[in-house]
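Visitor: predicted model follows, preceded by the sequence.
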Amino acid sequence: MSMVTKLLYVDTETTGLDPVINDPHQIAVIIEINNEVVHEEVFYTQPTNYDQINDQALETCNITLDKIRAYPIPRITYARINRLLRKYVDPYNPYDKFIAVGHNVKFDIDMLREWFRKHGNKFFYAFLDAKQAYDTLEYTKILHRFGVIPKLENNKLLTVCNHLGIELEAHDALNDIRATRSVYLQYKNVFDEIQKFVNETNVRLPNHLA
């Protein structure tokens, strides 16, 4: 039986950097199954806590507190996202999981994990493969290390996109995750070529590394 690959591209815009005290206000997802995009959506939500909002975080996203107050209340957005994830993954099946994809994706996953916890759900990782994630930030560092891409001014998503010729109006969750997917696909082509070379040349790791 062939394996089904389910990718969850995810990006959040948040009220700060601490997932325990801060919250997402935009959550963008792209769901891809066996290389086909089956769903793309951005969700908006008020924070669960208005007392812990970092003004700099809002300024970075070019958003006002008044605009956030007009967003749906958190439990409504939570219910919609939970329902969407369950549509494509059975959280009770250990073999049916998304692989998370993002730029510094651990930040977004940690933010959503704590946000789910604030809604009484401690099992966000029931939707995800806990053993792996595809992080374009880490891939950027690896490809620079091996000379595939030059040293950039920084490894922020916008800088990477500029280098790769990908258009991005940054700090909007949907724009960011679309661009991240484009970065990932370019990087995947590189890794596919490496895999092809390994297969064709029968390269093997030294015994102590294999």
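Guide: Yes, it's here. Numbering: from 1, shown residues only.
Visitor: using the three-state scheme, assign residue 90.
Guide: coil (DSSP: H, G, I helix; E, B strand; the rest coil).
Visitor: residue 127 is in contact with that one, correct?
Guide: No - Residue 90 is not in contact with residue 127 according to Cβ atoms under 8 Å; the separation is 9.3 Å. Yep, even glycine has a C-beta here, placed from its N, CA and C like the rest.
Visitor: show me where this structure has helices.
Guide: Counting by DSSP state H, residue ranges of the helices within the chain are 55-61, 65-69, 74-88, 105-118, 136-145, 157-164, 173-201.
Visitor: out of those helices, the one nearest residue 7 is which?
Guide: helix 173-201 (8.5 Å; Cβ to Cβ).
Visitor: quick one: that closest one to chain centroid distance?
Guide: How far helix 173-201 lies from its chain's middle: 15 Å, per Cα atoms, centre = their mean, to the nearest Å.
Visitor: report the buried residues of that helix.
Guide: Buried residues in helix 173-201, defined by neighbour count with 16 or more other Cβ atoms under 10 Å: 173-184, 186-187.
Visitor: cool, stretch 52-69 as well?
Guide: 53, 57, 58, 61, 63, 68.
Visitor: save those as CSV, and put in distance to residue 161 and pLDDT too.
Guide: Below are those laid out as CSV (distance: Cβ to Cβ, whole Å; pLDDT from 0 to 100):
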residue, distance to residue 161, pLDDT
53, 28, 96
57, 21, 94
58, 23, 93
61, 17, 90
63, 21, 93
68, 26, 97
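Visitor: quick one: which of these is nearest residue 40?
Guide: Once Cβ to Cβ is applied, the member of the buried residues of stretch 52-69 that ends up nearest residue 40 is residue 61, at 19.7 Å.
Visitor: tell me the spacing between that closest one and residue 44.
Guide: The spacing between residue 61 and residue 44, counted by Cβ to Cβ, to the nearest Å, is 12 Å.
Visitor: which neighbours do these two share?
Guide: Any residue near both residue 61 and residue 44 by Cβ atoms under 8 Å, 6 or more residues apart in numbering counts here, and that gives 25, 26.
Visitor: low-confidence ranges in the chain?
Guide: Within the chain, the segments meeting pLDDT under 70 span 1-2, 205, 208-210.
Visitor: kindly recompute the last result at 50.
Guide: 1 (pLDDT under 50).
Visitor: can you get me a residue count around residue 7?
Guide: 19 (other Cβ atoms under 10 Å).
Visitor: ok, it touching residue 132?
Guide: No - between residue 7 and residue 132 there is no contact under Cβ under 8 Å: 11.0 Å.
Visitor: good, wrapping up.
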